[in-house]
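S.K.: no sequence on hand, only this structure:
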Ligand code: SF4
């Protein structure tokens, strides 16, 4: 998605808003303006993540995993918009895995996707019964369930000839995973925006990586997506993740900008100032007698100013 294409798209959006304005309904005009701004922001952030990580290339066939939750609906919707505007050609196929959870409404997604006119595939696999049979009552079922789901989705991607698999995880999912790994797994490890699947055959991408959850929430309301509840399996939400979510919401309220800075920090890593001896050759470090003006600040106070935005990342504060 180059800048010219995005600028042209923005101009088209402005025309659409101008056309919808002037109806005399001030509240309605304001709402239309805000909704249009949200749509533009989502397109810009998704386009930027795709560009920064080279997620989608000419000729790709992208399988978009659609769970029926707000994030995956938003992902499909924005990817469809960007595909119209992109200077490259790529295909999208929406895929839903019906895991046969009790009360899952099987008609909802096909009806929505038929209306949208996007190619899709519904994969019916009763992983719910397998998980119930194998995991004792009261134990958490998510890890087996997601392992089964992953295997099925990789197979389906193969069968559909898709080389990319797009997932609907957003910025807040990435940050929550980062904190979970640090607090409970003693690791500095997040959720990658792009990775090779563990069968080595597919590229898994997360085009919503720069998007805040609050924006997908509002976008789902605006678009009236037919949301399918995510607790049909009866599993409890992960308590630790819930705590991290609450912590981040609290920071957003009390310390505006903190969450954005932490997210920016994920793409501004300084291995020489951490402790990982595999990541930086501390043991083989030698002096070379050459002065480096940006080098040693071992005896200085670390500045606490807001970091400047590194190239390739986006000024999320401005969003
Ligand atoms: S919440 Fe339910 S459907 Fe989701 S991974 Fe856990 S067991 Fe599976």
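M.R.: Looks like it arrived, so ask away. Note that the structure is a prediction, hence the values are computed from the model and not measured.
S.K.: now the terminal residues of stretch 182-193, how far apart.
M.R.: Stretch 182-193 stretches 18 Å from its first residue to its last (C-alpha to C-alpha, to the nearest Å).
S.K.: typo on my end, it should be stretch 248-261
M.R.: Start to finish, the residues bounding stretch 248-261 are 12 Å apart (C-alpha to C-alpha).
S.K.: got the phi/psi numbers for residue 176?
M.R.: phi -60, psi -40 (degrees, to the nearest 10).
S.K.: can you pull the pLDDT of residue 199?
M.R.: Among the per-residue scores, residue 199 holds a pLDDT of 83.
S.K.: was I right to think it contacts residue 154?
M.R.: Yes - if you go by C-beta atoms under 8 Å, residue 199 and residue 154 touch, sitting 5.3 Å apart. C-beta: built from backbone N, CA, C; applies to glycine.
S.K.: how far away is residue 210 from residue 54?
M.R.: With distances taken as C-beta to C-beta, to the nearest Å, residue 210 is found 15 Å from residue 54.
S.K.: which of those two has more neighbours?
M.R.: Comparing residue 210 with residue 54 by other C-beta atoms under 10 Å, the one with more neighbours is residue 210, at 26 against 10.
S.K.: whichever strand in the chain runs longest: how far from the chain's middle?
M.R.: Identified as the longest strand of the chain according to DSSP state E is strand 91-98. Its chain's C-alpha centre and that of strand 91-98 lie 17 Å apart, by C-alpha atoms, centre = their mean, to the nearest Å.
S.K.: can you check stretch 77-92 too?
M.R.: With C-alpha atoms, centre = their mean, you get 17 Å for stretch 77-92.
S.K.: end to end, how far does that stretch reach?
M.R.: 11 Å.
S.K.: that one: which residues count as buried?
M.R.: Going by neighbour count (16 or more other C-beta atoms under 10 Å), the buried part of stretch 77-92 is 77, 78, 79, 81, 82, 83, 86, 90, 91, 92.
S.K.: and the strands in the stretch 101-250 of the chain?
M.R.: Using DSSP state E, counting those that start in this stretch, the strands of the stretch 101-250 of the chain run over 120-124, 164-166, 194-196, 203-205.
S.K.: name the stretch among the ones you listed that sits most buried.
M.R.: Mean neighbour count, computed with mean count of other C-beta atoms under 10 Å, is highest for strand 164-166 among the strands of the stretch 101-250 of the chain, reaching a mean of 24.
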